[in-house]
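In: Below is the structure, and that's it, no one-letter string:
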Ligand code: SAM
Ligand code: SF4
(Lines give C-alpha, C1' and ligand atoms only; values in the text may rest on other atoms or scores of the structure.)
(Ligands and ions follow the chains in the order given, each with its own letter.)
Protein backbone atom coordinates (compact mmCIF):
# COMPACT_ATOMS: atom_id res chain seq x y z
CA UNK A 1 0.00 0.00 0.00
CA UNK A 2 0.99 3.51 -0.63
CA UNK A 3 3.02 4.04 2.45
CA UNK A 4 2.90 7.22 4.43
CA UNK A 5 6.31 7.40 6.10
CA UNK A 6 5.61 7.48 9.80
CA UNK A 7 3.93 10.69 10.67
CA UNK A 8 1.11 11.93 12.75
CA UNK A 9 -2.22 12.04 11.00
CA UNK A 10 -4.53 14.10 13.14
CA UNK A 11 -8.14 14.97 12.57
CA UNK A 12 -8.35 17.78 10.02
CA UNK A 13 -9.98 20.35 12.27
CA UNK A 14 -13.18 19.97 10.29
CA UNK A 15 -14.48 17.22 12.51
CA UNK A 16 -18.11 16.38 12.22
CA UNK A 17 -19.70 15.62 15.56
CA UNK A 18 -20.51 11.94 15.17
CA UNK A 19 -22.65 11.64 18.25
CA UNK A 20 -24.03 14.95 19.55
CA UNK A 21 -25.37 13.33 22.73
CA UNK A 22 -22.07 11.68 23.64
CA UNK A 23 -20.72 12.49 27.07
CA UNK A 24 -17.10 11.45 26.42
CA UNK A 25 -14.43 12.61 24.01
CA UNK A 26 -11.78 10.59 22.22
CA UNK A 27 -8.58 11.99 20.72
CA UNK A 28 -6.93 9.68 18.20
CA UNK A 29 -3.55 9.97 16.52
CA UNK A 30 -2.71 7.72 13.60
CA UNK A 31 0.77 6.68 12.40
CA UNK A 32 1.92 4.63 9.45
CA UNK A 33 0.13 3.53 6.33
CA UNK A 34 -3.23 4.35 4.78
CA UNK A 35 -4.62 1.12 6.22
CA UNK A 36 -4.15 2.61 9.69
CA UNK A 37 -5.98 5.77 8.67
CA UNK A 38 -8.82 3.58 7.44
CA UNK A 39 -8.76 1.56 10.68
CA UNK A 40 -8.96 4.73 12.79
CA UNK A 41 -12.14 5.60 10.90
CA UNK A 42 -13.55 2.20 11.84
CA UNK A 43 -12.57 2.74 15.48
CA UNK A 44 -14.33 6.13 15.54
CA UNK A 45 -17.39 4.56 13.98
CA UNK A 46 -17.54 1.88 16.69
CA UNK A 47 -16.99 4.40 19.48
CA UNK A 48 -19.56 6.85 18.18
CA UNK A 49 -22.21 4.17 18.81
CA UNK A 50 -21.08 4.11 22.45
CA UNK A 51 -21.21 7.54 24.04
CA UNK A 52 -18.03 8.90 22.40
CA UNK A 53 -17.35 11.67 19.95
CA UNK A 54 -13.97 12.87 18.64
CA UNK A 55 -12.00 15.89 19.67
CA UNK A 56 -8.84 17.38 18.19
CA UNK A 57 -7.97 18.95 21.51
CA UNK A 58 -5.91 16.59 23.63
CA UNK A 59 -6.70 18.64 26.78
CA UNK A 60 -10.42 17.88 26.64
CA UNK A 61 -10.04 14.15 25.83
CA UNK A 62 -11.35 11.41 28.15
CA UNK A 63 -9.67 8.78 26.02
CA UNK A 64 -6.48 9.02 23.96
CA UNK A 65 -5.81 6.40 21.32
CA UNK A 66 -2.62 6.08 19.35
CA UNK A 67 -2.97 3.88 16.29
CA UNK A 68 0.54 2.59 15.79
CA UNK A 69 3.02 1.39 13.18
CA UNK A 70 5.79 -1.20 13.66
CA UNK A 71 7.23 -1.29 10.19
CA UNK A 72 10.61 0.19 11.13
CA UNK A 73 12.28 0.73 14.46
CA UNK A 74 12.18 4.52 14.12
CA UNK A 75 8.37 4.38 13.73
CA UNK A 76 8.11 2.74 17.14
CA UNK A 77 10.63 5.13 18.71
CA UNK A 78 8.62 8.08 17.54
CA UNK A 79 5.40 6.64 18.98
CA UNK A 80 7.07 5.99 22.33
CA UNK A 81 7.99 9.68 22.37
CA UNK A 82 4.32 10.58 21.93
CA UNK A 83 3.31 8.18 24.71
CA UNK A 84 5.62 10.11 27.03
CA UNK A 85 3.64 13.28 26.20
CA UNK A 86 0.32 11.49 26.81
CA UNK A 87 1.59 10.28 30.19
CA UNK A 88 2.02 13.91 31.25
CA UNK A 89 -1.63 14.50 30.37
CA UNK A 90 -2.61 11.55 32.50
CA UNK A 91 -0.75 12.98 35.47
CA UNK A 92 -2.82 16.13 35.02
CA UNK A 93 -6.06 14.18 34.57
CA UNK A 94 -5.87 10.77 36.33
CA UNK A 95 -9.17 9.46 34.85
CA UNK A 96 -7.78 9.81 31.34
CA UNK A 97 -7.57 6.46 29.54
CA UNK A 98 -4.65 5.84 27.18
CA UNK A 99 -4.91 3.10 24.59
CA UNK A 100 -2.31 1.75 22.17
CA UNK A 101 -3.98 0.17 19.16
CA UNK A 102 -2.79 -1.28 15.84
CA UNK A 103 0.48 -2.91 14.84
CA UNK A 104 2.68 -2.02 17.83
CA UNK A 105 -0.04 -3.30 20.17
CA UNK A 106 -0.15 -6.55 18.22
CA UNK A 107 3.63 -6.95 18.14
CA UNK A 108 4.38 -6.18 21.77
CA UNK A 109 1.16 -7.34 23.47
CA UNK A 110 1.29 -7.33 27.32
CA UNK A 111 4.93 -6.19 27.17
CA UNK A 112 3.66 -2.73 26.26
CA UNK A 113 1.90 -2.45 29.63
CA UNK A 114 5.17 -3.19 31.43
CA UNK A 115 7.29 -0.97 29.19
CA UNK A 116 4.91 1.97 28.96
CA UNK A 117 3.57 2.62 32.40
CA UNK A 118 0.17 4.34 32.46
CA UNK A 119 -1.04 2.70 29.24
CA UNK A 120 -4.49 1.23 30.03
CA UNK A 121 -5.45 -0.55 26.82
CA UNK A 122 -3.52 -2.60 24.25
CA UNK A 123 -5.69 -3.59 21.31
CA UNK A 124 -4.68 -5.33 18.09
CA UNK A 125 -6.13 -4.55 14.64
CA UNK A 126 -8.67 -7.39 14.65
CA UNK A 127 -10.18 -6.61 18.08
CA UNK A 128 -11.78 -3.21 17.52
CA UNK A 129 -15.33 -4.52 17.89
CA UNK A 130 -14.46 -5.29 21.51
CA UNK A 131 -13.41 -1.70 22.21
CA UNK A 132 -16.54 -0.66 24.19
CA UNK A 133 -16.14 -3.59 26.63
CA UNK A 134 -12.41 -3.08 26.95
CA UNK A 135 -12.84 0.64 27.60
CA UNK A 136 -15.41 -0.19 30.30
CA UNK A 137 -12.81 -2.46 31.95
CA UNK A 138 -10.27 0.35 31.86
CA UNK A 139 -12.82 2.78 33.30
CA UNK A 140 -13.30 0.32 36.14
CA UNK A 141 -9.59 0.57 36.88
CA UNK A 142 -8.22 -2.54 35.12
CA UNK A 143 -5.80 -2.68 32.24
CA UNK A 144 -7.10 -4.62 29.24
CA UNK A 145 -5.33 -6.40 26.39
CA UNK A 146 -6.92 -7.98 23.32
CA UNK A 147 -4.57 -8.90 20.52
CA UNK A 148 -6.37 -11.88 19.03
CA UNK A 149 -5.93 -12.05 15.28
CA UNK A 150 -8.81 -13.31 13.17
CA UNK A 151 -9.08 -15.22 9.91
CA UNK A 152 -12.43 -13.62 9.08
CA UNK A 153 -12.65 -10.09 10.46
CA UNK A 154 -12.96 -7.47 7.70
CA UNK A 155 -15.25 -4.98 9.50
CA UNK A 156 -17.38 -5.30 6.37
CA UNK A 157 -20.60 -4.12 8.07
CA UNK A 158 -19.04 -1.08 9.74
CA UNK A 159 -19.45 2.20 7.97
CA UNK A 160 -16.25 4.19 8.70
CA UNK A 161 -16.60 7.74 9.99
CA UNK A 162 -14.48 9.89 7.62
CA UNK A 163 -13.12 11.96 10.45
CA UNK A 164 -9.72 12.74 8.95
CA UNK A 165 -10.83 13.04 5.35
CA UNK A 166 -10.74 16.20 3.25
CA UNK A 167 -14.31 15.44 2.16
CA UNK A 168 -13.10 14.70 -1.38
CA UNK A 169 -11.16 11.42 -1.15
CA UNK A 170 -11.81 8.41 1.05
CA UNK A 171 -10.09 5.10 1.73
CA UNK A 172 -12.03 1.86 1.27
CA UNK A 173 -10.41 -1.20 2.72
CA UNK A 174 -10.98 -4.23 0.45
CA UNK A 175 -8.86 -6.79 2.28
CA UNK A 176 -6.83 -7.21 5.45
CA UNK A 177 -3.63 -9.01 6.45
CA UNK A 178 -0.92 -10.44 4.23
CA UNK A 179 0.20 -13.99 3.39
CA UNK A 180 3.39 -13.03 1.55
CA UNK A 181 5.93 -13.26 4.36
CA UNK A 182 8.63 -11.06 2.82
CA UNK A 183 11.56 -11.83 5.08
CA UNK A 184 12.06 -8.28 6.41
CA UNK A 185 8.44 -7.47 7.14
CA UNK A 186 6.39 -7.47 10.36
CA UNK A 187 3.01 -6.98 8.67
CA UNK A 188 2.07 -10.68 8.47
CA UNK A 189 2.68 -10.89 12.23
CA UNK A 190 0.86 -7.71 13.18
CA UNK A 191 -2.06 -7.96 10.78
CA UNK A 192 -2.51 -11.68 10.38
CA UNK A 193 -3.72 -13.76 7.46
CA UNK A 194 -4.89 -12.32 4.21
CA UNK A 195 -8.69 -12.07 3.84
CA UNK A 196 -10.90 -10.32 1.32
CA UNK A 197 -13.97 -8.33 2.16
CA UNK A 198 -17.41 -9.10 0.71
CA UNK A 199 -17.73 -7.10 -2.55
CA UNK A 200 -21.36 -6.23 -1.77
CA UNK A 201 -20.28 -4.23 1.25
CA UNK A 202 -17.34 -2.66 -0.64
CA UNK A 203 -19.55 -1.54 -3.53
CA UNK A 204 -22.27 -0.29 -1.16
CA UNK A 205 -19.65 1.77 0.68
CA UNK A 206 -18.36 3.28 -2.58
CA UNK A 207 -21.92 4.12 -3.70
CA UNK A 208 -22.60 5.77 -0.37
CA UNK A 209 -19.41 7.85 -0.65
CA UNK A 210 -20.42 9.00 -4.12
CA UNK A 211 -23.93 9.96 -2.89
CA UNK A 212 -22.29 11.91 -0.06
CA UNK A 213 -20.28 14.05 -2.45
CA UNK A 214 -16.91 12.26 -2.38
CA UNK A 215 -15.05 12.43 -5.69
CA UNK A 216 -12.36 9.80 -5.22
CA UNK A 217 -11.94 6.46 -3.48
CA UNK A 218 -8.74 4.50 -2.87
CA UNK A 219 -9.17 0.74 -2.55
CA UNK A 220 -6.71 -0.52 0.05
CA UNK A 221 -4.95 -3.84 0.64
CA UNK A 222 -1.37 -5.00 1.24
CA UNK A 223 -1.57 -6.88 -2.06
CA UNK A 224 -4.73 -5.87 -3.90
CA UNK A 225 -3.96 -8.25 -6.77
CA UNK A 226 -4.73 -11.17 -4.47
CA UNK A 227 -8.27 -9.89 -3.83
CA UNK A 228 -10.57 -12.87 -4.24
CA UNK A 229 -14.17 -13.52 -3.34
CA UNK A 230 -16.37 -16.55 -3.92
CA UNK A 231 -20.10 -16.21 -3.40
CA UNK A 232 -22.30 -18.97 -2.00
CA UNK A 233 -23.66 -19.58 -5.52
CA UNK A 234 -20.12 -20.25 -6.77
CA UNK A 235 -19.58 -16.96 -8.64
CA UNK A 236 -16.17 -15.52 -8.05
CA UNK A 237 -14.61 -12.08 -8.29
CA UNK A 238 -10.96 -11.15 -8.65
CA UNK A 239 -9.33 -7.74 -8.30
CA UNK A 240 -9.86 -6.77 -11.95
CA UNK A 241 -13.55 -7.64 -11.55
CA UNK A 242 -13.87 -5.59 -8.37
CA UNK A 243 -12.10 -2.66 -10.02
CA UNK A 244 -14.46 -2.85 -12.98
CA UNK A 245 -17.55 -2.87 -10.74
CA UNK A 246 -16.16 -0.02 -8.63
CA UNK A 247 -15.55 2.11 -11.72
CA UNK A 248 -19.11 1.56 -12.98
CA UNK A 249 -20.75 2.93 -9.81
CA UNK A 250 -20.28 6.56 -10.82
CA UNK A 251 -18.31 7.64 -13.86
CA UNK A 252 -17.48 10.91 -12.07
CA UNK A 253 -15.96 9.16 -9.08
CA UNK A 254 -12.22 8.52 -9.40
CA UNK A 255 -11.01 5.10 -8.33
CA UNK A 256 -7.46 4.51 -7.08
CA UNK A 257 -5.93 1.49 -5.44
CA UNK A 258 -2.85 0.44 -3.53
CA UNK A 259 -0.67 -1.65 -3.24
CA UNK A 260 0.11 -3.69 -6.33
CA UNK A 261 2.42 -6.64 -5.84
CA UNK A 262 4.77 -7.12 -8.83
CA UNK A 263 4.42 -10.91 -8.88
CA UNK A 264 0.62 -10.82 -8.92
CA UNK A 265 -0.21 -7.69 -10.90
CA UNK A 266 -1.65 -9.03 -14.16
CA UNK A 267 -2.60 -7.65 -17.56
CA UNK A 268 -6.31 -8.07 -16.81
CA UNK A 269 -5.95 -5.34 -14.16
CA UNK A 270 -4.05 -3.14 -16.63
CA UNK A 271 -6.71 -3.57 -19.34
CA UNK A 272 -9.43 -2.76 -16.80
CA UNK A 273 -7.58 0.42 -15.91
CA UNK A 274 -7.19 1.33 -19.58
CA UNK A 275 -10.92 0.75 -20.22
CA UNK A 276 -12.25 3.18 -17.59
CA UNK A 277 -11.46 6.89 -17.67
CA UNK A 278 -12.26 7.18 -13.97
CA UNK A 279 -9.72 4.55 -12.84
CA UNK A 280 -6.69 6.66 -12.05
CA UNK A 281 -3.60 6.09 -14.13
CA UNK A 282 -1.14 5.46 -11.36
CA UNK A 283 0.32 2.21 -10.04
CA UNK A 284 2.30 1.89 -6.86
CA UNK A 285 4.51 -1.09 -7.66
CA UNK A 286 7.14 -1.46 -4.90
CA UNK A 287 10.33 -3.07 -6.21
CA UNK A 288 12.16 -3.12 -2.81
CA UNK A 289 15.46 -4.00 -4.53
CA UNK A 290 16.70 -4.14 -8.11
CA UNK A 291 18.96 -7.12 -7.47
CA UNK A 292 17.56 -10.60 -8.08
CA UNK A 293 19.89 -11.97 -5.40
CA UNK A 294 18.45 -9.57 -2.81
CA UNK A 295 14.89 -10.14 -4.02
CA UNK A 296 15.45 -13.86 -3.39
CA UNK A 297 16.75 -13.14 0.11
CA UNK A 298 13.69 -10.97 0.67
CA UNK A 299 11.50 -13.84 -0.64
CA UNK A 300 9.63 -11.45 -2.91
CA UNK A 301 9.12 -14.23 -5.46
CA UNK A 302 10.15 -12.27 -8.58
CA UNK A 303 13.39 -11.37 -10.35
CA UNK A 304 14.66 -8.10 -11.76
CA UNK A 305 13.62 -9.28 -15.25
CA UNK A 306 10.10 -10.09 -14.10
CA UNK A 307 9.74 -6.70 -12.46
CA UNK A 308 10.97 -4.82 -15.52
CA UNK A 309 8.61 -6.95 -17.62
CA UNK A 310 5.69 -5.70 -15.50
CA UNK A 311 6.83 -2.10 -15.95
CA UNK A 312 6.99 -2.68 -19.71
CA UNK A 313 3.45 -4.09 -19.68
CA UNK A 314 2.18 -0.99 -17.84
CA UNK A 315 3.92 1.31 -20.33
CA UNK A 316 2.51 -0.52 -23.33
CA UNK A 317 -1.10 -1.02 -22.09
CA UNK A 318 -1.47 2.37 -20.30
CA UNK A 319 1.15 4.74 -21.79
CA UNK A 320 0.00 7.68 -19.67
CA UNK A 321 0.32 5.74 -16.39
CA UNK A 322 2.63 6.96 -13.63
CA UNK A 323 4.56 4.44 -11.57
CA UNK A 324 5.82 4.77 -8.01
CA UNK A 325 7.80 2.42 -5.82
CA UNK A 326 9.08 1.52 -2.36
CA UNK A 327 12.81 0.77 -2.07
CA UNK A 328 14.82 -0.64 0.81
CA UNK A 329 18.60 -0.13 0.85
CA UNK A 330 21.10 -2.06 2.92
CA UNK A 331 19.23 -5.34 3.26
CA UNK A 332 21.28 -8.33 4.46
CA UNK A 333 24.24 -9.14 2.17
CA UNK A 334 23.51 -6.22 -0.17
CA UNK A 335 26.76 -5.60 -2.05
CA UNK A 336 27.80 -2.57 -4.04
CA UNK A 337 26.83 -4.46 -7.25
CA UNK A 338 23.38 -5.20 -5.82
CA UNK A 339 22.97 -1.53 -5.00
CA UNK A 340 23.95 -0.61 -8.58
CA UNK A 341 21.23 -2.99 -9.83
CA UNK A 342 18.69 -1.02 -7.77
CA UNK A 343 19.87 2.24 -9.35
CA UNK A 344 19.61 0.60 -12.77
CA UNK A 345 16.04 -0.58 -12.18
CA UNK A 346 15.06 2.87 -10.92
CA UNK A 347 16.41 4.44 -14.12
CA UNK A 348 14.72 1.88 -16.35
CA UNK A 349 11.40 2.15 -14.51
CA UNK A 350 11.50 5.98 -14.59
CA UNK A 351 9.60 6.23 -11.34
CA UNK A 352 7.51 9.32 -10.84
CA UNK A 353 8.13 9.08 -7.12
CA UNK A 354 9.36 6.59 -4.54
CA UNK A 355 9.36 6.00 -0.81
CA UNK A 356 12.90 5.03 0.18
CA UNK A 357 14.06 3.42 3.40
CA UNK A 358 17.12 2.00 5.12
CA UNK A 359 16.62 -1.62 6.09
CA UNK A 360 15.49 -1.84 9.70
CA UNK A 361 15.75 -5.27 11.31
CA UNK A 362 12.44 -6.26 12.91
CA UNK A 363 12.18 -8.80 15.73
CA UNK A 364 10.98 -12.32 14.86
CA UNK A 365 11.01 -11.83 11.10
CA UNK A 366 12.79 -14.46 9.00
CA UNK A 367 15.57 -11.97 8.25
CA UNK A 368 16.12 -11.29 11.93
CA UNK A 369 16.25 -14.99 12.77
CA UNK A 370 18.20 -16.34 9.80
CA UNK A 371 20.06 -13.57 7.98
CA UNK A 372 22.75 -11.19 9.06
CA UNK A 373 22.04 -7.45 9.18
CA UNK A 374 25.57 -6.89 7.89
CA UNK A 375 25.53 -3.67 5.88
CA UNK A 376 27.14 -1.00 8.07
CA UNK A 377 24.98 1.97 9.02
CA UNK A 378 27.18 4.50 7.18
CA UNK A 379 26.96 2.42 3.99
CA UNK A 380 23.16 2.23 4.33
CA UNK A 381 23.07 6.01 4.73
CA UNK A 382 25.27 6.60 1.69
CA UNK A 383 23.21 4.22 -0.46
CA UNK A 384 19.98 5.84 0.72
CA UNK A 385 21.34 9.25 -0.20
CA UNK A 386 22.29 7.94 -3.63
CA UNK A 387 18.86 6.55 -4.40
CA UNK A 388 17.20 9.72 -3.08
CA UNK A 389 19.43 11.84 -5.34
CA UNK A 390 18.62 9.66 -8.35
CA UNK A 391 14.90 9.72 -7.59
CA UNK A 392 14.99 13.51 -7.44
CA UNK A 393 16.45 13.54 -10.93
CA UNK A 394 13.85 11.06 -12.17
CA UNK A 395 10.98 13.02 -10.56
CA UNK A 396 12.30 16.22 -12.11
CA UNK A 397 12.54 14.58 -15.55
CA UNK A 398 9.08 13.02 -15.27
CA UNK A 399 7.51 16.31 -14.21
CA UNK A 400 9.29 18.38 -16.83
CA UNK A 401 7.72 16.11 -19.48
CA UNK A 402 4.30 17.21 -18.17
CA UNK A 403 5.02 20.88 -18.90
CA UNK A 404 2.78 22.10 -21.74
CA UNK A 405 0.19 19.33 -21.22
CA UNK A 406 -3.36 19.87 -20.01
CA UNK A 407 -4.63 17.60 -17.20
CA UNK A 408 -7.90 17.08 -15.44
CA UNK A 409 -7.29 17.97 -11.80
CA UNK A 410 -9.44 17.15 -8.80
CA UNK A 411 -9.19 20.01 -6.31
CA UNK A 412 -8.33 18.85 -2.78
CA UNK A 413 -7.54 22.02 -0.85
CA UNK A 414 -6.29 25.57 -0.82
CA UNK A 415 -2.56 25.68 -1.54
CA UNK A 416 -0.30 25.74 1.53
CA UNK A 417 1.61 28.75 0.22
CA UNK A 418 -1.21 31.08 -0.83
CA UNK A 419 -4.96 31.18 -0.24
CA UNK A 420 -5.37 32.54 -3.76
CA UNK A 421 -4.15 29.20 -5.14
CA UNK A 422 -5.60 25.72 -5.07
CA UNK A 423 -3.97 22.27 -4.89
CA UNK A 424 -5.31 19.24 -6.67
CA UNK A 425 -4.17 15.98 -8.19
CA UNK A 426 -4.02 14.58 -11.69
CA UNK A 427 -5.16 11.05 -12.44
CA UNK A 428 -1.43 10.17 -12.28
CA UNK A 429 -1.42 11.28 -8.60
CA UNK A 430 0.75 14.32 -9.24
CA UNK A 431 -0.04 17.42 -7.25
CA UNK A 432 -0.73 20.60 -9.16
CA UNK A 433 -0.94 24.16 -7.82
CA UNK A 434 -2.78 26.86 -9.78
CA UNK A 435 -4.64 30.18 -9.27
CA UNK A 436 -8.12 29.45 -7.95
CA UNK A 437 -10.32 31.22 -10.53
CA UNK A 438 -13.33 30.90 -8.21
CA UNK A 439 -13.18 27.11 -8.03
CA UNK A 440 -13.39 25.09 -4.82
CA UNK A 441 -12.47 21.81 -3.18
CA UNK A 442 -14.10 18.85 -4.94
CA UNK A 443 -14.31 20.50 -8.40
CA UNK A 444 -12.74 18.90 -11.46
CA UNK A 445 -10.89 21.47 -13.58
CA UNK A 446 -8.62 21.45 -16.61
CA UNK A 447 -5.16 22.83 -15.89
CA UNK A 448 -2.29 23.52 -18.29
CA UNK A 449 1.10 22.81 -16.74
CA UNK A 450 3.45 25.80 -17.04
CA UNK A 451 6.44 24.72 -14.97
CA UNK A 452 7.44 22.35 -12.19
CA UNK A 453 9.49 21.74 -9.07
CA UNK A 454 10.61 18.19 -8.14
CA UNK A 455 7.50 17.82 -5.96
CA UNK A 456 4.81 19.87 -7.67
CA UNK A 457 3.45 20.92 -11.04
CA UNK A 458 2.51 24.57 -11.39
CA UNK A 459 -0.21 25.46 -13.84
CA UNK A 460 -3.06 27.69 -14.94
CA UNK A 461 -6.75 26.99 -15.57
CA UNK A 462 -7.72 26.55 -19.21
N1 LIG B 1 2.47 -4.51 1.06
C2 LIG B 1 3.24 -3.52 0.49
C3 LIG B 1 4.26 -4.14 -0.44
O4 LIG B 1 4.58 -5.28 -0.40
O5 LIG B 1 4.78 -3.41 -1.23
C6 LIG B 1 3.99 -2.67 1.46
C7 LIG B 1 3.66 -2.62 2.87
S8 LIG B 1 4.78 -1.90 4.00
C9 LIG B 1 3.58 -1.27 5.07
C10 LIG B 1 5.40 -0.45 3.25
C11 LIG B 1 6.86 -0.44 2.91
O12 LIG B 1 7.64 -0.41 4.07
C13 LIG B 1 7.37 -1.64 2.16
O14 LIG B 1 7.04 -1.60 0.81
C15 LIG B 1 8.86 -1.57 2.40
O16 LIG B 1 9.51 -0.83 1.43
C17 LIG B 1 8.95 -0.87 3.74
N18 LIG B 1 9.41 -1.80 4.79
C19 LIG B 1 8.77 -2.87 5.27
N20 LIG B 1 9.53 -3.50 6.20
C21 LIG B 1 10.68 -2.79 6.30
C22 LIG B 1 11.87 -2.94 7.07
N23 LIG B 1 12.02 -3.94 7.91
N24 LIG B 1 12.85 -2.02 6.92
C25 LIG B 1 12.71 -0.99 6.06
N26 LIG B 1 11.61 -0.81 5.30
C27 LIG B 1 10.60 -1.69 5.41
FE1 SF4 C 1 5.03 -6.93 4.06
FE2 SF4 C 1 5.59 -8.24 1.80
FE3 SF4 C 1 3.13 -8.35 2.83
FE4 SF4 C 1 4.02 -6.08 1.74
S5 SF4 C 1 3.68 -8.03 0.66
S6 SF4 C 1 2.94 -6.30 3.67
S7 SF4 C 1 6.15 -6.10 2.30
S8 SF4 C 1 4.97 -9.18 3.77
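Out: Structure received. For clarity, every value in this text was computed on a predicted model and none was experimentally measured. Ligands and ions are numbered 1, 2, ... in the order given.

In: how near is the nearest residue to residue 149 once chain neighbours are set aside to residue 383?
Out: Once flanking residues are discounted, residue 149 sits nearest to residue 192: 3.6 Å by Cβ to Cβ, 6 or more residues apart in numbering. Heads up, the C-betas are built off the backbone N, CA and C, glycines and all. Between residue 192 and residue 383 the distance is 33 Å, computed by Cβ to Cβ, to the nearest Å.

In: More neighbours: which of the two?
Out: residue 383 (24 against 21; other Cβ atoms under 10 Å).

In: how about that one, secondary structure?
Out: helix (DSSP: H, G, I helix; E, B strand; the rest coil).

In: That one and residue 339 touch, don't they?
Out: Yes: Residue 383 lies in contact with residue 339 (Cβ atoms under 8 Å); the separation is 5.1 Å.

In: what do these two both touch?
Out: residue 329 (Cβ atoms under 8 Å, 6 or more residues apart in numbering).

In: wait, what's in contact with the closest residue to residue 451 other than its chain neighbours?
Out: Among residues not flanking residue 451 along the chain, residue 458 sits closest, at 5.1 Å (Cβ to Cβ, 6+ apart). Residue 458 is in contact with 432-434, 449-452, counting by Cβ under 8 Å, 6+ apart.

In: Identify the farthest-apart pair in these.
Out: Spatially, the most separated pair among these is 434 and 452, at 12.3 Å (Cβ to Cβ).

In: Comparing the two, which shows the higher neighbour count?
Out: Comparing residue 434 with residue 452 by other Cβ under 10 Å, the one with more neighbours is residue 434, at 24 against 20.

In: Which residue is the nearest non-sequential neighbour of the residue in the stretch 251-400 of the chain that ligand 2 sits nearest to?
Out: Here the stretch 251-400 of the chain gets closest to ligand 2 at one residue, residue 261, 5.8 Å apart by Cβ to the nearest ligand atom. Among residues not flanking residue 261 along the chain, residue 223 sits closest, at 4.1 Å (Cβ to Cβ, 6+ apart).

In: Tell me how far that neighbour lies from residue 328.
Out: 17 Å.

In: Among those two, which residue is more densely surrounded?
Out: residue 328 (26 against 21).

In: so what does the helix or strand that contains the more buried one touch, helix or strand wise?
Out: Residue 328 belongs to strand 322-329 when assigned by DSSP states H and E. If contacts are counted by 3 or more Cβ pairs under 8 Å, 6 or more residues apart in numbering; DSSP states H and E, strand 322-329 sits against strand 282-284, helix 336-349, strand 353-358, helix 377-402.

In: of the ones you listed, which approaches residue 41 most closely?
Out: The nearest among those, by Cβ to Cβ, is strand 282-284 at 20.7 Å.

In: Contacts made by the following helix or strand past the closest one with the rest, please.
Out: Counting by DSSP H and E, the element after strand 282-284 in chain order, helix or strand, is helix 292-297. Outside helix 292-297, the residues that touch it by Cβ under 8 Å, 6+ apart are 183, 288-289, 302-305, 307, 331-334, 338, 341, 367, 371.

In: and helix 292-297, anywhere near ligand 2?
Out: No: using Cβ under 6 Å from any ligand atom, helix 292-297 never reaches ligand 2; the gap is at least 11.5 Å.

In: can you start the count at 257 instead of 1 from here on
Out: Understood, numbering begins at 257; the last thing we discussed is helix 548-553.

In: Get me the contact residues on the stretch 457-606 of the chain for ligand 2.
Out: 478-479, 517.

In: Not counting sequence-adjacent ones, nearest residue to residue 316?
Out: Residue 316 sits nearest to residue 281 (Cβ to Cβ, 6+ apart), 5.6 Å away.

In: Extract the residue ranges of the chain that are flagged as low pLDDT.
Out: Within the chain, the stretches with pLDDT under 70 are 257-275, 420.

In: Let me see the ranges of the helices in it.
Out: 290-304, 329-348, 359-364, 367-371, 387-395, 443-447, 455-467, 495-505, 523-531, 548-553, 560-573, 592-605, 622-626, 633-658 (DSSP state H).

In: Just name the most buried of those helices.
Out: helix 359-364 (a mean of 25; mean count of other Cβ atoms under 10 Å).

In: packing partners for that helix?
Out: strand 319-324, helix 367-371, strand 377-379, helix 443-447.

In: My guess is the residue of the stretch 507-656 of the chain closest to ligand 2 contacts residue 483. True?
Out: No: the pair residue 517 / residue 483 is not scored as a contact, 11.0 Å apart, by Cβ under 8 Å.

In: Comparing the two, which shows the higher neighbour count?
Out: Using other Cβ under 10 Å, the more surrounded residue of residue 517 and residue 483 is residue 483, with 25 against 21.

In: Establish whether stretch 378-392 and ligand 2 are in contact.
Out: No: applying Cβ under 6 Å from any ligand atom, one finds stretch 378-392 separated from ligand 2 by no less than 12.9 Å.

In: Which residues does that stretch contact?
Out: Contacts for stretch 378-392 (Cβ under 8 Å, 6+ apart): 295, 298-299, 302-303, 305-306, 319, 353, 355-359, 361-362, 364-366, 368-369, 377, 399-406, 409, 411, 432, 446-448.

In: mind listing what the residue nearest to residue 517 touches?
Out: Residue 479 sits next to 431, 434, 436, 450, 515-517, 520 when contact means Cβ under 8 Å, 6+ apart.

In: what do you get if the cut-off is 7 Å, keeping everything else the same?
Out: Going by Cβ atoms under 7 Å, 6 or more residues apart in numbering, residue 479 touches 434, 436, 515, 517, 520.

In: same thing with residue 577?
Out: Here residue 577 is in contact with 537-539, 570 (Cβ under 7 Å, 6+ apart).

In: now with 10 Å?
Out: 526, 529-530, 536-539, 567, 570-571, 608, 683-684 (Cβ atoms under 10 Å, 6 or more residues apart in numbering).

In: Ok, residue 561 next?
Out: Shown in contact with residue 561 (Cβ under 10 Å, 6+ apart): residue 548.

In: Check the spacing between it and residue 548 real quick.
Out: For residue 561, the distance to residue 548 - Cβ to Cβ - is 8 Å.

In: likewise residue 406?
Out: 36 Å.

In: Residue 573 now?
Out: Taking Cβ to Cβ, one finds residue 573 at 24 Å from residue 548.
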